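In: predicted model and sequence below, questions to follow.
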Amino acid sequence: MCGTQIEIDFNLRELVLPMKIKKRSICHQCDQEFERLGGIRCDGCGRSQKSIDLCEDCQKWEHQVGFVINNRSAFEYNDAMHEYMKQYKFTGDYRLRSVFTTEFEKLISKQQPDVIVPIPINKSTWQTRGFNQVTGITSNLRLIEALETINGSKETRQSKKNRAERMSSKQPFKLSGDVEITKKISHQRALIVDDVYTTGRTIYYAANLLLTLSPMSISSVTLAR
Ligand SMILES: [Zn+2]
Ligand SMILES: [Zn+2]
């Protein structure tokens, strides 16, 4: 991220025993800029707060869609994460995909999902970015691509919208036309993965569609929130 050469101090175990050395892809200084989320959080969106009661936003979701998704995120969307997303997604630096893979995948496994569904990206993003940022980060997991974007919806990118615009955006997804894929969701614990949880709008649209496939449960994990 900063271009500094990373020096690794091996401990005795690592020097003597035949073991895989943990590879670090960012330096300690950069790593410290990222804020890991933990402690007491809203039982819905996973934001840090004083109790596990649903926050106001999640109460609104419950009222609006009739359920609350159980979301967990690994990092706070702070300045460092904003910068990371800019470099990774919008500058399109595909090398940065692996920086958080281990931590992100650990959080995903903790939810014990049967099937993992990534949020898809639309055609124009494919053309400009060339990769799906979510599937890039989760390279070791088997993903079920049960969602597709609705063609022709030339959406402004979410990050350029303000809260009101995000909340009023239309359903951008549809279920995959491949029955072999969609039938994998039924009676399973389904987990949606995305890069950032902002208002929850995107995740709730995805969850609404997946619910029609009769999963046992639906939850979500995002890298940041
Ligand atoms: Zn660095
Ligand atoms: Zn909440």
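Out: Perfect, thanks for sending it. Ligands and ions are numbered 1, 2, ... in the order given.

In: show me what from this protein comes close to ligand 2.
Out: 42, 44, 45, 55, 58 (CB under 5 Å from the ion). Bear in mind the C-beta positions are built from the backbone N, C-alpha and C, glycine included.

In: where does the chain have low pLDDT?
Out: 152-159 (pLDDT under 70).

In: quick revisit: tell me the one of the residues of the chain next to ligand 2 nearest residue 129?
Out: Closest to residue 129 out of the residues of the chain next to ligand 2 is residue 45 (26.1 Å), distances taken as CB to CB.

In: contacts only, for that closest one.
Out: 55, 57, 58, 69, 71, 197, 200, 225 (CB atoms under 8 Å, 6 or more residues apart in numbering).

In: so residue 76 touches residue 223, yeah?
Out: No. Checked against CB atoms under 8 Å, the pair residue 76 and residue 223 is beyond contact range at 10.8 Å.

In: so where do the strands sit in the chain?
Out: Shown for the chain, the strands assigned by DSSP state E span residues 70-75, 115-118, 147-149, 173-175, 189-196, 217-224.

In: how about JSON lines for these, with distance to residue 160 and mean neighbour count added?
Out: Shown next, in JSON lines, are those (distance: least, CB to CB, whole Å; neighbours: other CB atoms under 10 Å):
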{"stretch": "strand 70-75", "distance to residue 160": "21", "mean neighbour count": "22"}
{"stretch": "strand 115-118", "distance to residue 160": "22", "mean neighbour count": "24"}
{"stretch": "strand 147-149", "distance to residue 160": "17", "mean neighbour count": "19"}
{"stretch": "strand 173-175", "distance to residue 160": "19", "mean neighbour count": "16"}
{"stretch": "strand 189-196", "distance to residue 160": "13", "mean neighbour count": "24"}
{"stretch": "strand 217-224", "distance to residue 160": "17", "mean neighbour count": "24"}
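
In: can you list those in a markdown table and add distance to residue 50?
Out: Converted to a markdown table, those look like this (distance: least, CB to CB, whole Å):
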| stretch | distance to residue 50 |
| --- | --- |
| strand 70-75 | 18 |
| strand 115-118 | 31 |
| strand 147-149 | 34 |
| strand 173-175 | 34 |
| strand 189-196 | 24 |
| strand 217-224 | 21 |
